[in-house]
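Chemist: need a 3D model of the following:
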Amino acid sequence: MVLKATLEDEEETLALGAALALCLEPGLIIYLRGELGAGKTTLVRGVLRALGHLGPVKSPTYTLVEVYDLSRLHLHHFDFYRFHDPREWIDAGFRESFDGHNVTVIEWPEKAVPWLAPADVEISFDVLDDGRAVTLLSNSIAGQKCLALLERHCASSS
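Modeler: The predicted structure is shown next:
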């Protein structure tokens, strides 16, 4: 399943994140793709706010992972931008995060291939002159379920 949207500003990116939050289930793996400043962390901020997180949401570029234990989900937000070698993922000991109990969101997943588990959902951001084009692609049954719920939610809120 493929969904496409155009997001005009930060508020629309946050709203997409909030809608996505309603569709998340434990074990889901989401890859975020796009250049620096494309809106990846803003989307995660929208997800986390909708799940009840009130604190700051920062890109884990230097810490590599931020862990959020929320009321209904445990979300691990990774950023592998600074990786120079995919084996750094193994050396960092992140394998336990992919235990089927956490929602795992990964910025710059290509920097840790081939060690990463495959994505259930891939979200790609393309910067436009005015806003962002976003493509959401499901790669598994869990990903299809997530995007079907998202599509229904977005259709009912239009």
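
Chemist: use CA for all of it now, contacts and neighbours both
Modeler: Noted.

Chemist: continuing past the worst-scoring helix or strand of the chain on mean pLDDT, what's the next helix or strand?
Modeler: When the helices and strands of the chain are scored by mean pLDDT, DSSP states H and E, helix 87-92 comes last with a mean of 68. Moving toward the C-terminus from helix 87-92, the next helix or strand (DSSP states H and E) is strand 103-107.

Chemist: and that following strand, what does it pack onto?
Modeler: Judged by 3 or more Cα pairs under 8 Å, 6 or more residues apart in numbering; DSSP states H and E, strand 103-107 is in contact with strand 29-33, strand 74-79.

Chemist: could you tell me the least trusted of the ones you listed?
Modeler: Least confident of these, judged by mean pLDDT, is strand 74-79 with a mean of 91.

Chemist: can you tell me the strand partners of that one and which way each runs?
Modeler: strand 65-69 (antiparallel), strand 103-107 (parallel) (DSSP bridges).

Chemist: can you mark which positions in the first one are buried?
Modeler: Looking back up the chat, that one is strand 65-69. Using 16 or more other Cα atoms under 10 Å as the test for burial, strand 65-69 gives 65, 68.

Chemist: and it, C-alpha only, in PDB?
Modeler: Output of strand 65-69 as PDB, limited to C-alpha atoms (Å, rounded to 0.1, in the frame of the first residue of the first chain):
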ATOM      1  CA  VAL A  65      18.600   6.900  20.300                       C
ATOM      2  CA  GLU A  66      16.000   8.500  22.400                       C
ATOM      3  CA  VAL A  67      13.700   6.100  24.300                       C
ATOM      4  CA  TYR A  68      10.100   7.200  25.200                       C
ATOM      5  CA  ASP A  69       8.100   5.000  27.600                       C
END
